[in-house]
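Participant: what's the 3D shape of this:
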Amino acid sequence: MSQDYNNPAFKKLLKKLQEESWQLELLISGFAIFGLFSAYPAIELLYTESRNEGYFLITLVYIVALISIVILGFNLLLHVILRGLWIGALGLRYVSGDIDYEKLNYSEKFTKYLKYKVGSFDRYIARLENYCSIIFAISFLLIFYVLAFIFTISAIALISNFLIADDSFSPLGKIIGIPLVVFLAFGMLLVFIDFATQGWLKKKRRLSKLYFPFYWVFSFITLSFLYRPIVYNFLDNKFGRRLSWFLLPIYIFLIILSSFNNKTSNYFNGNLNSSAIIGDITNYEDLLVDDTDFIEDVVIPSKVITENHLKVFIIFDDKIDDYVFGFNPDLKPKEDIRGMSSDIIVINELSRKKRDSIRREYMKTVNDIYSIRIDSTTYKSEFILTKSKKKQKGLETYINIKDLPEGKHLVNVMRKRIRKKDTSNVYEARIPFWYYPN
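Facilitator: Purely as a prediction, here's the structure:
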């Protein structure tokens, strides 16, 4: 049947499906809204976990998923509301027919104005039908727009990381990578201008010749060849173009609206990192009670410590390898396997004896880099690798504090840093706590 799209029988089938499509729209919208609301908390939890673990690519996937859920949820809710209004209008028309302005018995001025502005009730129903159909179609089209933006940014980031920044491809990587990044950045700007102006670059004879190579390349990067017919079907329809222009300011308004929050102080708002005068709940393990609460950097057990020891836990992310290699270059492997990789392919397989030896040297370097200071006193720490209650991998040590006086104290997690061949200590975290032993 797909080969016979000009067949009158096929066109008749399409017309019938168009007339009955509202039932499928409502059915799909209902199931989709339920699924989206159910999936959002789970994906948000996975996003928070992957962000804290430092998995960039997986985090990017979850960001796309969350943005898509918000866009689809808003559009489908709007579609259901308008469809409900459309069904109500159809029912009212069956009972009351068209609007009889004469029976309203308004003055001549108001009657003429209402006939011009409100018009026929059938026209109102037809407009609602158009709004519903276009909003339903554009809901899924917007997801492709989000994917197009993400894929374009990802392409630039991948070229920058694997060609320009990677020394193994030098200087060929820079010779190839820099022009590619310039091409993609300039092309992204042109594609956005063409998108925002609804095809202005395609209408100009000379500009269209310059724009065509960018358009062809970006049709693959953004996967636009999958949804291009829907886009052009919108653009050749005056009503569709108007609705597209109407929805764009709504999305911008919603983004701006979501940025508003109530500020209670001139000096203490937004993200408040722990210090001598601030206690951030993310630095206290007993306050991370929700499923979406994960350790972000450094935690201690509680604000009030009643035991004669203090546990300090540092999240283990990919930066720690860089710190260790900076102080102990012999530990740096020939091939860095950090990032996404398959467990099927075995890389850098070492003997058990050699692996244990390297691990011991690694942890020795870690303990040389990190130190714990409470108030002005430095304590000896012996970090080991373990997992927290949240199943997050990290470095953990215990400090003997039985000789501390009661009251408020400040634990400082220090890290050695090499900059311009000079070694200095920087604060990794500063967390206040109160010591009241049992």
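Participant: can you list contacts of stretch 34-50?
Facilitator: 58-59, 62-63, 65-66, 69, 72-73, 76, 291-292, 294 (Cβ atoms under 8 Å, 6 or more residues apart in numbering). Backbone N, C-alpha and C define where each C-beta goes, glycine included.
Participant: save the residues you listed as JSON lines, and put in distance to residue 335 and secondary structure too.
Facilitator: Rendered in JSON lines, the data for the contacts of stretch 34-50 read as follows (distance: Cβ to Cβ, whole Å; DSSP: H, G, I helix; E, B strand; the rest coil):
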{"residue": "58", "distance to residue 335": "22", "secondary structure": "helix"}
{"residue": "59", "distance to residue 335": "24", "secondary structure": "helix"}
{"residue": "62", "distance to residue 335": "28", "secondary structure": "helix"}
{"residue": "63", "distance to residue 335": "29", "secondary structure": "helix"}
{"residue": "65", "distance to residue 335": "32", "secondary structure": "helix"}
{"residue": "66", "distance to residue 335": "34", "secondary structure": "helix"}
{"residue": "69", "distance to residue 335": "38", "secondary structure": "helix"}
{"residue": "72", "distance to residue 335": "41", "secondary structure": "helix"}
{"residue": "73", "distance to residue 335": "44", "secondary structure": "helix"}
{"residue": "76", "distance to residue 335": "47", "secondary structure": "helix"}
{"residue": "291", "distance to residue 335": "37", "secondary structure": "coil"}
{"residue": "292", "distance to residue 335": "36", "secondary structure": "coil"}
{"residue": "294", "distance to residue 335": "30", "secondary structure": "coil"}
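Participant: now list the buried members of those residues.
Facilitator: 58, 59, 62, 63, 65, 66, 69, 72, 73, 76, 294 (16 or more other Cβ atoms under 10 Å).
Participant: residue 198: which of those is nearest?
Facilitator: Using Cβ to Cβ, the shortest approach to residue 198 within these belongs to residue 72, at 22.9 Å.
Participant: which ones are touching that closest one?
Facilitator: Residues near residue 72 by Cβ under 8 Å, 6+ apart: 32, 36, 139, 140, 142, 143.
Participant: ok, the fourth one to residue 127 distance?
Facilitator: Going back to what we said before, that points to residue 140. Relative to residue 127, residue 140 is positioned 22 Å away (Cβ to Cβ, to the nearest Å).
Participant: so the two - more neighbours on which side?
Facilitator: residue 140 (17 against 14; other Cβ atoms under 10 Å).
Participant: quick one: least confident helix or strand in this structure?
Facilitator: Across the helices and strands of the chain, mean confidence by mean pLDDT, DSSP states H and E is lowest for helix 238-258: a mean of 72.
Participant: check which helices and strands that helix sits against.
Facilitator: helix 121-159, helix 228-235 (3 or more Cβ pairs under 8 Å, 6 or more residues apart in numbering; DSSP states H and E).
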